[in-house]
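Engineer: Any chance you could fold what I've pasted below:
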Amino acid sequence: MSLRHYIFLKDVLILALTAFGGPQAHVAMMFKLLVEKRRYLTEKELVELNALCQILPGPSSTQTLTAIGFRLGGPNLAYLTLLVWIIPAFIFMTLAALAVTFLQNRNISLHFTRYIQPIAVGFVAFAAYKISTKVIESKTGIGLMVISAILSYFFRSPWVFPVLLLAGGAVTAIRFKNHPLEPDKKLKIEWSNFILFVAVLVTAAVLGSITKWRAILLFENFYRNGTLVFGGGQVLIPLLFTEFVEFKQYLTSEEFLSGYAFLQALPGPVFAFTPYIGALAMRDYGVGGQILGSIAGTAGIFLPGTFFIFFVIRFWNELKKYRVVKASLEGINAVSSGMVCAAAILLFHPIETNWLNISIVVITFAVLLWTKVPPPFLIILGLLLGLFIP
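Structural biologist: Down below sits the predicted model:
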C-alpha cells in the first residue's frame, strides 16, 4: 500500500471515532474530510456513490466508505476500510453485552436502564420522521408508507419485511416512464462477487441446518437480514426486534432497547447493534461463545452489503441509466419508512405505559427535532437518572 492509502485509513478511523448521528450525518462528515480536505474524490462522485449505496441492501454509509476505499486501492484497501470503520463500535457493543450478562449472572437488575428505554423509542420515532420527510415524494409514497406500517405492525414474521420491500419497489417501478430516458446503455456485468455472495448464503444455510450450532445459525440469520435491509440501520431495527426478541426470544425487550440506547451514544455505523445481539444470543456458551456470537453477528450483517457494493460498483455508471431502477427506489424507501414508523410503536409496547415514559418519548423527539443536543448526552442523562433516582 502507498502512503496515501495509510492516510486514508487514518481518516476512516477518525470518522469511526467521531461520526455520530447515522448515515446522513456520516455522509456530511465525509464531504468535509474526504472531499474538501483530502480530495480523495469530487463532490459529484461522493453524491453518486452514496446514491448507489441507497439502492443496495446493507449499511449505506459503510458501503459508501467501502466504495471509496475500493476506488482508491482496490478490494484490499476496501476490506481494510470496512474493518477500521466498524471495529471501534464492535468492541464497545460487545463489551456492553458482556457487561449486561455479568450483571444478570449476579442478579443485578437492569432497572437503572429504565429511562434510556423510552429515550431509545424516541430515537426510533425521530428516525421514522426524518426518513419519511426525505423519501416520500408523492401520494403513492404516502400510501405505501401507511400500508407498510400497518402490515409490518400486525404481521411480525421476519419474512414479511422483504415481501413488503419488493412489493413497494414493484408498485413504483411501473411508473418508470415518468423518468427521463437515458441513451447508450451498455451493461457489462462481472458476476464473481455476486456468486460469492450466494455461495456464502447457501453454505451458511446448509451448515446451520446440519450442525444446528447457534453461532452458524446466527451468522445465517444476520446475513439474510443484511441482504434485505434498504434504507440504513433504522430500518434494520424492526427486523431484529421481530426475529430475535419476539420470534426467537434470544433477548428480552428490555435488553434490546437498552442496547439500542447504548448504540445511540456511539459514533460509527448503526449496524454495529448486531454484535450486541449476537453476544447476548450466545450467553449460554460462556464469554468465548459470546465473543464468537458478536463476531458472527458483525460478519453476517456487514458481508452482504460489501459483496453487493463490490459487485455493482463495476457497472454502476450504466445501471443508473435504467429508469426502472430509479423508479423502484421511491417504493422501497416509502415501505422502509413505514417499517420504522411501526417499529417505534412496537418498541414502546414492552415498556410500562405511564405518563412518565410517554413524556420521555415526546421530550426526546422534541429535543432531537428542535435542538442540536447530541444523542450521547441524552443517553448519559438517562443513565444518570436511572442510577440516582430511586
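
Engineer: report the longest helix in the protein, please.
Structural biologist: In the chain, assigned by DSSP state H, the helix with the most residues is helix 60-105.

Engineer: Show me what that helix packs onto, helices and strands only.
Structural biologist: For helix 60-105, the elements it packs on are helix 3-18, helix 23-30, helix 43-55, helix 253-264, helix 273-281, helix 286-312, judged by 3 or more C-beta pairs under 8 Å, 6 or more residues apart in numbering; DSSP states H and E. Every C-beta, even on glycine, is put in place using the N, C-alpha and C of the backbone.

Engineer: any idea of the mean pLDDT for the shortest one?
Structural biologist: Read that as helix 23-30. Mean per-residue pLDDT for helix 23-30: 69.

Engineer: Same question for the last one.
Structural biologist: When the per-residue pLDDT values of helix 286-312 are averaged, the result is 91.

Engineer: Distance to Ile380 added to the helices and strands packed on helix 60-105, as a markdown table?
Structural biologist: Formatted as a markdown table, the helices and strands packed on helix 60-105 follow (distance: least, C-beta to C-beta, whole Å):
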| stretch | distance to Ile380 |
| --- | --- |
| helix 3-18 | 17 |
| helix 23-30 | 19 |
| helix 43-55 | 31 |
| helix 253-264 | 10 |
| helix 273-281 | 18 |
| helix 286-312 | 24 |
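
Engineer: Can you say which of the ones you listed is packed in most?
Structural biologist: Sort the helices and strands packed on helix 60-105 by mean neighbour count, taking mean count of other C-beta atoms under 10 Å, and helix 273-281 sits at the top with a mean of 29.

Engineer: how far is stretch 67-83 from where the chain is centred?
Structural biologist: Its chain's C-alpha centre and that of stretch 67-83 lie 20 Å apart, by C-alpha atoms, centre = their mean, to the nearest Å.

Engineer: do stretch 37-49 as well
Structural biologist: Mean C-alpha position of stretch 37-49 versus that of the full chain (C-alpha atoms, centre = their mean) differs by 23 Å.

Engineer: What's the end-to-end length of that stretch?
Structural biologist: 18 Å (C-alpha to C-alpha, to the nearest Å).

Engineer: Could you do stretch 217-235 as well?
Structural biologist: 22 Å.

Engineer: could we number from 20 for the rest of this?
Structural biologist: In the new numbering, first residue 20, that becomes stretch 236-254.

Engineer: now it, how far from the chain's geometric center?
Structural biologist: 8 Å.

Engineer: same question, stretch 230-249
Structural biologist: Here the centre of stretch 230-249 is set off from its chain's centre by 15 Å, with C-alpha atoms, centre = their mean.

Engineer: mean confidence for that stretch?
Structural biologist: Averaged across stretch 230-249, the pLDDT comes to 88.

Engineer: Where does pLDDT dip in the stretch 70-219 of the chain?
Structural biologist: 70-71, 73-74, 129, 150, 153-154, 175-178, 180-181, 195-206 (pLDDT under 70).

Engineer: Surely Ile382 touches Ala144?
Structural biologist: No. With contact defined as C-beta atoms under 8 Å, Ile382 and Ala144 do not form a contacting pair (11.5 Å).

Engineer: sorry, back to before: can you name the next helix or strand after the longest helix of the chain?
Structural biologist: helix 135-154 (DSSP states H and E).

Engineer: Kindly calculate the angle that that next one makes with helix 272-283.
Structural biologist: Counting by axes from the mean of the first three to the mean of the last three C-alpha atoms, to 10 degrees, helix 135-154 lies at 60 degrees to helix 272-283.

Engineer: Give me the buried positions along helix 135-154.
Structural biologist: Across helix 135-154, burial judged by 16 or more other C-beta atoms under 10 Å covers 135-151, 154.

Engineer: nearest to Glu371, of the helices and strands packed on helix 79-124?
Structural biologist: Nearest of the helices and strands packed on helix 79-124 to Glu371, taken as C-beta to C-beta: helix 272-283 at 10.8 Å.

Engineer: quick one: average pLDDT of that closest one?
Structural biologist: 82.

Engineer: quick one, it and helix 79-124 angle?
Structural biologist: 130 degrees.

Engineer: Report all helices and strands that helix 272-283 contacts.
Structural biologist: By 3+ C-beta pairs under 8 Å, 6+ apart, helix 272-283 packs against helix 79-124, helix 135-154, helix 292-300, helix 342-367, helix 394-407.

Engineer: for the helices and strands packed on helix 79-124, which one sits closest to Leu226?
Structural biologist: Closest approach to Leu226 among those (C-beta to C-beta): helix 305-331, 11.9 Å.

Engineer: before we move on, the earlier item: nearest approach to Thr246 belongs to which of the helices and strands packed on helix 79-124?
Structural biologist: helix 305-331 (4.5 Å).

Engineer: tilt between the closest one and helix 292-300?
Structural biologist: Calculated by the same axes, to 10 degrees, helix 305-331 forms an angle of 150 degrees with helix 292-300.

Engineer: Against which helices or strands is helix 305-331 packed?
Structural biologist: If you count contacts as 3+ C-beta pairs under 8 Å, 6+ apart, helix 305-331 packs onto helix 62-74, helix 79-124, helix 211-230, helix 233-245, helix 292-300.

Engineer: Can you add distance to Ile408 and give those back as TSV?
Structural biologist: TSV is the format used below for the helices and strands packed on helix 305-331 (distance: least, C-beta to C-beta, whole Å):
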stretch	distance to Ile408
helix 62-74	42
helix 79-124	19
helix 211-230	45
helix 233-245	36
helix 292-300	25
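
Engineer: Comparing these, which comes out most buried?
Structural biologist: Each of the helices and strands packed on helix 305-331 was given a mean neighbour count from mean count of other C-beta under 10 Å, and the largest, a mean of 29, is that of helix 292-300.

Engineer: Tell me the helices and strands packed up against that one.
Structural biologist: Packing partners of helix 292-300 (3+ C-beta pairs under 8 Å, 6+ apart): helix 79-124, helix 233-245, helix 252-259, helix 272-283, helix 305-331.
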